[in-house]
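A.B. asks: What follows is a predicted protein model with its sequence.
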Amino acid sequence: MQLLDGKVLAKAIKAELKEQVAGYLAQGRRKPHLCAILVGEDGASKTYVASKARDCDELGMDSSVLHFPADIRQEELLAEIEKVNNNPAIDGLIVQMPVPKHIDSLLVMNTIDPSKDVDGFHPVNVGKMFKGLPTYLPATPYGIMMMLERYQIETAGKHCVVIGRSDIVGKPMAALLMQNTYPGNCTVTICHSRTADLAEHCRRADIVIAALGKPGFVKADMVKEGAVVIDVGITRVDADNERGYVIKGDVEFDEVAPKSSFITPVPGGVGLMTRIGLLQNTLNAYKVHEGIQ
Ligand code: NAD
C-alpha cells in the first residue's frame, strides 16, 4: 500500500506555481488576482475563503474578498459580480457556496464571466469539460486528476467506480475519467443513493472514488485487492478532543488501506489537492487574460 500524500504533493506543486508566478512578475507583468465573494456569516465559508486568500498570498498572487451581508438583494449581488467581470485586474472569481436561500445560486453561477469562472461551475465550462475542450475544471476532480498523474497511476482500461453524483465532485469526476486522455480512458460506473448492489459494483472497481459524505461508508469487504482508493469525503464527527470533532472521510481507512495499492488519507489527501486545483485554475485564467501561451 502506498499513501497518496496530498501534503507532499500540494507542497511540491505550490512551489512550482510560485516559481511560475515569480517568472511572470520578473517579465514586468501584473500579479494574478483571485476574487472571492462571500455572502453572510457562515463560519465554514469564512474559513474556506480565508484559506484560499492565504494560498494566493503564499504563491505571490493577489486576492480580494467581497463580503456582503446575508440579506443582500439578488440584483445587488449580480451587479457586484458584473463589476468583477468587467474589472481587467481580476482573473478569477468564486462565489462561496452556499448562498442564502433568497438567492438563486444557478443564476449566480451563470452570471460569472466564463473566462473568470475558476470554480468551473458555469454551464459553458461544464459543457467544454464534457467535450474534452480546454477549460477550468472543478477544483476537486481537477486536484484528483493531478494526483493520479503525479503518482503515475495507470488508468487506461481500468474500471472506476465513482460514488456520488454531485455537480461539484461525482459528475465531473466521472466525465474526466472517461475522456480519451491521461489520466482517463477509464470505464466509469457512477453509483448514487439509489444504486442497487453498490458494494458489488465497488468490488469490481480498480479505482474507487468515494464522494458521498457518509463517514466510513466504504469498508474492506467492498474493495478489491490492489484497488486504488480515493477518499473525497470530509465530515465533522463529534469527538472528545479540544475542538470537539474530528474530520472523517468516506472510507474506513484502517481496514481498507491494507487491501489497496494506493489510498488517500483524510485529512491530508484530496482536500489539499482541491486547493491546488483552484490555484492552478486561477493561474490558467491569468494566462488567458495576459495572452500567455
Ligand atoms: P452531495 O451531498 O452534493 O452529494 C452526495 C452524493 O452522494 C449524492 O449524489 C448522493 O446521491 C450520493 N449518496 C448519498 N448517500 C449515498 C449512499 N448511501 N449510497 C450511495 N450514494 C450516496 O456531496 P458533495 O458536495 O459531492 O460532497 C461529498 C463529500 O465530499 C462530502 O463529505 C463533502 O464534504 C466532501 N467534499 C470534499 C471536498 C474536498 O476538497 N476534499 C470537496 C467537495 C466535497
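C.D. replies: Great, that's in hand.
A.B. asks: List the buried residues for the helix or strand hosting Leu66?
C.D. replies: For Leu66, the host element (DSSP states H and E) is strand 62-68. Of the residues in strand 62-68, 62-64, 66, 68 count as buried by neighbour count, 16 or more other Cβ atoms under 10 Å. Any C-beta I mention is one placed from the backbone N, CA and C, and that applies to glycine too.
A.B. asks: Stretch 243-254 now?
C.D. replies: Neighbour counts over stretch 243-254 (16+ other Cβ under 10 Å) mark 247-253 as buried.
A.B. asks: again with stretch 36-47
C.D. replies: 36-40, 42, 45.
A.B. asks: Need the CA coordinates for that stretch. PDB is fine.
C.D. replies: In PDB, the C-alpha atoms belonging to stretch 36-47 read as follows (Å, rounded to 0.1, in the frame of the first residue of the first chain):
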ATOM      1  CA  ALA A  36     -13.900  35.600  -3.600                       C
ATOM      2  CA  ILE A  37     -17.500  36.800  -2.900                       C
ATOM      3  CA  LEU A  38     -18.800  35.800   0.500                       C
ATOM      4  CA  VAL A  39     -22.400  36.300   1.500                       C
ATOM      5  CA  GLY A  40     -23.400  36.100   5.100                       C
ATOM      6  CA  GLU A  41     -21.600  34.900   8.200                       C
ATOM      7  CA  ASP A  42     -21.300  31.100   7.800                       C
ATOM      8  CA  GLY A  43     -18.200  30.000   9.800                       C
ATOM      9  CA  ALA A  44     -17.100  27.200   7.500                       C
ATOM     10  CA  SER A  45     -17.400  29.500   4.400                       C
ATOM     11  CA  LYS A  46     -15.300  32.200   6.100                       C
ATOM     12  CA  THR A  47     -12.600  29.600   6.900                       C
END
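A.B. asks: Now tell me what touches that stretch from outside.
C.D. replies: 49, 52-53, 63-70, 72, 77, 80-81, 84, 93-100, 103 (Cβ atoms under 8 Å, 6 or more residues apart in numbering).
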